[in-house]
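mind looking at a prediction? Sequence and model below.
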Amino acid sequence: MHENQALTIGRVTRVLEERLRPAVHGSPVPIAVERYVVDGEPIAVADGVAASYEPAAVGDRWGRAWDTTWFRLTGTVPERFAGRRVEIVADLGFDPNMPGFQCEGLVYRADGTPVRSLNPRATWIPVAEQAVGGEEIELFVEAASNPVLLDYHPFLPTEQGDRDTAGAEPLYRLRRFDVCVFEPEVFELVHDVEVLVQLAQQLPEESARRARILRALDDALDRVDLQDVAGTVAVGRAALAGVLASPAEASAHRLTAVGHAHIDSAWLWPLRETVRKVARTSSSMVTLLEEDDEFVYAMSSAQQYAWLKEQRPEVYARVRKAVADGRFVPIGGMWVEPDAVLPSGESFIRQISQGQRFFREEFGVECAGAWLPDSFGYSGALPQILAGAGFEWFLTQKISWNQTNRFPHHTFSWEGIDGTRIFTHFPPMDTYNAQLSGEEVARAARQFKEKSVARSSLAPTGWGDGGGGTTREMLARAKRLADLEGSPQVVLESPNEFFARAMAELPEPDVWRGELYLELHRATFTTQHKTKQGNRTSERLLAEAELWAATAALRAGYEYPYEAFDELWQEVLLLQFHDILPGTSIAWVHREAEESYTRIAERLTGIVADALAALGVRADEDGDGGLLVNASPFARRGVAAGAVAAAEPAAPVTVSGAGAGATSDDGAAFVLAGAALRVEIDGQGHVRHLVDLATGRDAIPAGRRGNLLQLHQDFPNMWDAWDVDAHYLDMRTDLDGPADVSLDGDAVVVRRAFGASQITQRLTLSDDGRTLVVDCDVDWQEEEKFLKLAFPVDVFTDEVLAETQFGYQRRTNHTNTSWEAARFETHAQRWFMVAEPGFGVAFLNESSHGFDVRRERTTDGGVVQDARFSLLRAPKFPDPRADRGRHHLRFGVRPTADVLDATAAGAHLQAPVRRASGGLVAPLVVSDSDAVAVSALKLADDRSGGLVLRVYEARGARSSARLTLDVPGLREVVAADLVERPAGDEAAFDGDALSVALRPFEIRTFLLRR
């Protein structure tokens, strides 16, 4: 036989797109359109429906950036449509290639009942299943004219990321408003043809199955009259019935399609727009659930449900019913899908406790697994946190974005820094916006790493970010792919059903140990510093406010502000979303985040003051009070953690200097000296010597300079706010020109100008005299530059220790393999350290997570470490002025080889000394081991009045401690999980103290009942 497969595929493709698909909606009749333009922010649905409308027409331009326009559609059902399914096809000016990133709409009936969303991949509105001729039509569309920011030429700077700078030009043009007959058999033919041609394209050219499919497609199109598709559809479908009925192989890959829409809680749109994106998608998904009994839809993020409850109750009512029916499935168990490396350990726990509590109280369900498909890397502390909160599984797919190395597993056991393991799955389809195309399902089966021992993977299926979620077209594909020769088998089911089967298939999966480092988006550790600083300050103040409020409640009858803490935690958790905290959203989002952090700090500072006042402690604004208020988990200047007491004097510091004119290569223009540390600074403000007086070791290598600012060109290949590419290292300017260096009290002050920017550094010693503290005030006005602060240190090692949540991560810093070379920029919580036996240096930060450490050879053949803090960046997309302006950054350099010392110093660096007068306050809990640190002291979420105590092992070794408890009315201590449920483990409490034995980095939570 003479066959031309390419000709058949070309024929089928053109007929499908130009004749079959348009015939799904037949006999179009225009419908009248009116519009009402909202002045300012979105209005209530009732106000939109009741507004005064003006005539509009197809072809009209509409929608300034971020505006809302209400459209009113009116008409009657044509008599010839009687008894047929009738739909309106509405095109607001969509680009079908950008679902979720342009204009969108939500359709309402005249009584305010939501119908479904309008978006580029779902432009239809249901009118009637069996229409009545002459029936009146009146529908309303709340349309959002969101600008396209990630266009066909992506990452171009734009001013449209903030309403104040977006401009007044309308962005869209109305294209179509027609009442049509929906032709169900044509719809089915479209998907018969589509699934088969896409399957054929994935099969080998010499495959008999491919040849038979293409022959059947040719036969089908030979029978369909392209000028009367609806009238000839039956014979066309009959020609395909045989190839569609051929079952899948027994060993075929099994693909779970979970209805989903990954809706970023903010990104290229503000938070207020996310509320509407969630409402639009949820409305469509509930409608689709009502129309298809097999469909299951899963949505994460308790915050998004809470938005519906508070701001779109008409949508929330439908969602609640669908959840009760078991069809709309809450997943993830967190308040939002957060960044998974930057928040504190307590923040991760509260993400879960707040999220699970919402789902439990609203729906009577709790989530079984964590769902974080899009975060930019995953902390090695997460397995313990997730398992400790009761989760059984974890899902992400982001590691498939690695630039360099292909991750070796899709289904595996992820082991955290403490040894805890959690069952983990990466969808091999490498997307969280699956459409179930032939290419996608074939890719999932082809790439699945565990195919020799398992056959199941998961595909989150649906358009995200306001694109409308799962579509009826996707479900039509799924049904045809359920049991089709040559294809993986697609089944519609919930994530829990998938994980139950996957765990049964693979009871002893391979193990990945440690963090899941993403070889991409490394600049998210640094971009938008004020957002990161606001988060770190909020986390610290929340811990302090809970401590003093709990102490005052137990000791002085203070009314514990449960509601305020819930509100504040929920706001902080929202701002930890994986496109806010990393610094990758539009200007509008980060401006609002900074404003929110200011309000949060004011409220928390007020709670701290009120609680201390209830304890008889008065804050001294001038700092002259004789008492020190220590909310740190570690003793400070003789004051125990969680206590208010008289402090030991700060370590004395002497400052001397010959002045800025001292110019010898290794000469000291200025000297900061204490009992433990001697720092010599040259006339350009660089640290020439950093001597640990206890050992006599100089941390600075001979001839090298610390406190050296370095400026890099920073123009990544793409993803400007997200990425710093390795080639940035090739262009470096040392800022070692003339500087104004002077003495100011017990500090050396360095003033330096570069480019369009200025920096003032204040070098002092910490109050214990063991840390060189560098305070930087920067007026940052550069573009596409990356500012680093270098401290080379004379330490021989090939690894870096970096604090993570509830412990630390070890990372090699050589480049023996591509895996190590790819980690050229990494992150820490409050400190990182390089150490050799007996000596090391810890590098402390107040709110700057990014850093790098490079091994460098010296002239005498040795190896030293060039450690660099990442200070500021200046990307131009999506915020064209990201980070420009004034910043205050604080760093510390501390000679030490003790991780506990580094942990305490890191905590103290970010916590200002709070002075007070009045009465003394004894701590509620005292640990007799520095290795067992208190992470949280708060009243229980159940409002029983009990105290929650959380501790963790910080050294990375097996540790024991006796925790002396001074809690009024204490009657028993009960072990609990991380979300405060009794765990059944017996607590070793003798009436006065609690004895604990912890494995390395273990977290333990206890309920202290009164």
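Sure thing, it's come through.

list the contacts of P373.
P373 sits next to H262, E337, L395, T396, Q397, K398, P427, Y432, P460 when contact means CB atoms under 8 Å, 6 or more residues apart in numbering. (Each C-beta comes from the backbone N, C-alpha and C, glycine too.)

can we see that at 10 Å?
By CB atoms under 10 Å, 6 or more residues apart in numbering, P373 lies in contact with 260, 262, 300, 332, 337, 395-398, 426-427, 431-433, 460, 464, 578.

phi and psi next, for it.
Note on P373: backbone dihedrals following degrees, to the nearest 10 are phi -70, psi -20.

V773 is in contact with F843, correct?
No - when contacts are counted by CB atoms under 10 Å, F843 is not listed as touching V773 (11.9 Å).

more neighbours, those two?
F843 (26 against 20; other CB atoms under 10 Å).

which element is that one on?
Counting by DSSP states H and E, the element that carries F843 is strand 839-845.

now do the SS call for the nearest residue to L947 once chain neighbours are set aside.
The shortest distance from L947 to any non-neighbouring residue, by CB to CB, 6 or more residues apart in numbering, is to L1008 (4.0 Å). Following DSSP: H, G, I helix; E, B strand; the rest coil, L1008 is assigned to strand.

do you know how far L1008 is from R981?
Separation of L1008 from R981 (CB to CB, to the nearest Å): 15 Å.

and those two? Which one has more around it.
Taking other CB under 10 Å, L1008 and R981 do not tie; L1008 has more neighbours (25 against 16).

measure that one to G991 for me?
L1008 sits at a distance of 12 Å from G991 (criterion: CB to CB).

same check, this time on T733
Where G991 is concerned, T733 sits at a distance of 64 Å (CB to CB).

who has more neighbours out of these two?
Using other CB under 10 Å as the criterion, T733 and G991 rank with T733 on top: 14 against 9.

what's opposite that one in the beta bridge?
L711 (DSSP bridges).

pretty sure it contacts E782?
No - with contact defined as CB under 10 Å, T733 does not count as touching E782 (11.1 Å).

which SS class is E473?
Criterion first, three-state DSSP; result for E473: helix.

leaving out chain neighbours, which residue sits closest to it?
H191 (6.8 Å).

can I assume the one you found sits in a strand?
No - counting by three-state DSSP, H191 is not part of a strand but helix.

overlap of the contact sets of L1008 and G991?
L965, L970, R971, E972, V973.

in helices, which of these fall?
When DSSP state H defines the helices, the subset of these inside them is empty.

let me have these in a markdown table, extended by pLDDT and distance to H590.
Output for these, formatted as a markdown table (pLDDT from 0 to 100; distance: CB to CB, whole Å):
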| residue | pLDDT | distance to H590 |
| --- | --- | --- |
| L965 | 97 | 43 |
| L970 | 92 | 45 |
| R971 | 89 | 48 |
| E972 | 93 | 47 |
| V973 | 95 | 44 |
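
mark which of these are buried, thanks.
L965, L970, V973 (16 or more other CB atoms under 10 Å).

list just the nearest of those to K451.
V973 (49.3 Å; CB to CB).

so who does the closest one touch?
Contact partners of V973, counting by CB under 10 Å, 6+ apart, are 946-947, 949, 963, 965, 967, 986-991, 993-994, 1006-1009.

ditto for D47
Y36, V38, W70.

tell me the SS of it?
helix.

distance of it relative to V38?
Distance, D47 to V38, using CB to CB: 9 Å.

try F754
Remark: distance between F754 and V38 (CB to CB) = 46 Å.

returning to that earlier point: which residues do T733 and E782 both contact?
With CB under 10 Å, 6+ apart, T733 and E782 have common neighbours L711, F754, G755.

near the first one, how many other residues are there?
I take that to be L711. With other CB under 10 Å as criterion, L711 counts 19.

which residues touch the residue nearest the centre of the chain?
Computing the C-alpha centroid of the chain and ranking residues by CA atoms, centre = their mean puts H578 first, at 1.9 Å. Listed by CB under 10 Å, 6+ apart, the contact partners of H578 are 264-267, 336-342, 372-376, 398, 521, 524, 584.

quick revisit: looking at the shared contacts of L1008 and G991, which is nearest R175?
V973 (67.3 Å).

beta partners of that closest one?
For V973, the beta-bridge partners under DSSP bridges are L1008.

how much space separates it from R357?
23 Å.

so I681 bridges to which residues?
I681 has these beta-bridge partners by DSSP bridges: F670, V687.

pLDDT at it, what is it?
On the pLDDT scale, I681 is placed at 98.

can I assume it is in contact with G657?
Yes - the criterion here is CB under 10 Å, and I681 meets it with G657 at 7.7 Å.

correct me if wrong: L395 contacts L372.
Yes - contact status for L395 versus L372: in contact at 7.3 Å, counting by CB under 10 Å.

any shared contact partners between the two?
With CB under 10 Å, 6+ apart, L395 and L372 have common neighbours G332.

got the contact list for S246?
By CB under 10 Å, 6+ apart, the neighbours of S246 are R209, R212, I213, D483, L484, E485, G486.

grab the nearest non-local neighbour of the third one.
Counting by CB to CB, 6+ apart, the nearest residue to I213 once its immediate chain neighbours are dropped is A200, at 4.4 Å.

what is the neighbour count of that neighbour?
A count of nearby residues for A200, using other CB under 10 Å, gives 25.

helix/strand/coil for it?
What three-state DSSP gives for A200 is helix.

do L889 as well
Per three-state DSSP, L889 ends up strand.

relative to T760, how far out is it?
From L889 to T760 the distance is 11 Å (CB to CB).

out of the two, which sits in the more crowded spot?
L889 (22 against 15).

report the beta-bridge partners for the more buried one.
Applying DSSP bridges, one finds that L889 bridges with C776.

what do you get for P982?
Per DSSP bridges, the residues bridged to P982 are A976.

ok, it - contacts?
Each residue near P982 by CB under 10 Å, 6+ apart is listed here: V974, A975, A976, L1007, R1009.

for the last one, what are its contacts?
Counting by CB under 10 Å, 6+ apart, R1009 makes contact with 940, 944-947, 967, 969-974, 982.

one more time with 6 Å, if that's ok
For R1009, the contacting residues are G946, R971, E972, by CB atoms under 6 Å, 6 or more residues apart in numbering.

what about R276, which SS state?
helix.

that one: how many residues sit nearby?
Neighbourhood size, R276 [other CB under 10 Å]: 24.

for E159, see how far away it is.
Counting by CB to CB, the gap from R276 to E159 is 22 Å.

and for Q761?
Taking CB to CB as the measure, Q761 falls 34 Å from E159.

now distance to R116 too, for the buried ones among the shared contacts of L1008 and G991, in JSON lines please.
Below are the buried ones among the shared contacts of L1008 and G991 laid out as JSON lines (distance: CB to CB, whole Å):
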{"residue": "L965", "distance to R116": "57"}
{"residue": "L970", "distance to R116": "56"}
{"residue": "V973", "distance to R116": "53"}
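
tell me the one of those residues nearest A110?
Proximity of those to A110 (CB to CB) peaks at V973, which lies at 60.2 Å.

kindly provide the distance from the closest one to P184.
V973 is 65 Å from P184, where distance means CB to CB.

returning to that earlier point: compare the contacts of D47 and tell me which is most surrounded.
Sorting those by how many neighbours each has (other CB under 10 Å) puts W70 first, at 23 neighbours.

which residues does that one contact?
Y36, G48, E142.
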